[in-house]
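1. Only the shape, not the letters, is given here:
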């Protein structure tokens, strides 16, 4: 059931860039760590969360077949360590606009190759 005026669409994209950030509002590429730096990461041992009370965030830049990009953030998890550029991503987008010029919500994203929900 969709409330009146809310449109939904499947979203199929590819990971264009992926890494870890401390602050999701800082879009500087210099502030993004490689997932290779987090091979031993666990949510339970998140040093940033222990020190600052705020955990590391996964940042993914996605691109669909029409060239539209979507940047998403999620609390970092050890499940995300193997995400790589070029992997397929699927999800559902919700918008109040039929052309999806702006988003109202985004479901969890699924990376089929890894069997991982983000």
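-> Right, received. Where do you want to start? Owing to the predicted nature of the structure, the values given are computational and were not obtained by experimental measurement.
2. partners of the worst-scoring helix or strand of the chain on mean pLDDT in the sheet?
-> Scoring the helices and strands of the chain by mean pLDDT, DSSP states H and E places strand 105-106 at the bottom, with a mean of 86. Its sheet considered, strand 105-106 pairs with strand 88-95 (antiparallel) by DSSP bridges.
3. Can you tell me what sits against the partner strand?
-> 2, 6-15, 60, 62, 100-113, 118 (Cβ atoms under 8 Å, 6 or more residues apart in numbering). All C-beta atoms are positioned from the backbone trio N, CA, C, and that covers glycine.
4. Please spell out which residues along that strand are buried.
-> Buried residues in strand 88-95, counted by 16 or more other Cβ atoms under 10 Å: 89, 91, 93-95.
5. pLDDT averaged over it, what's the number?
-> Strand 88-95 shows a mean pLDDT of 94.
6. hmm, back to that, please convert the buried residues of strand 88-95 to TSV, extending it with distance to residue 26.
-> Below are the buried residues of strand 88-95 laid out as TSV (distance: Cβ to Cβ, whole Å):
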residue	distance to residue 26
89	23
91	24
93	25
94	27
95	26
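7. and the longest strand for the chain?
-> strand 7-21 (DSSP state E).
8. tell me which strands and helices the very next helix or strand once past that strand is in contact with?
-> Following strand 7-21 in sequence order, the next helix or strand is strand 32-33 (DSSP states H and E). If contacts are counted by 3 or more Cβ pairs under 8 Å, 6 or more residues apart in numbering; DSSP states H and E, strand 32-33 sits against strand 7-21.
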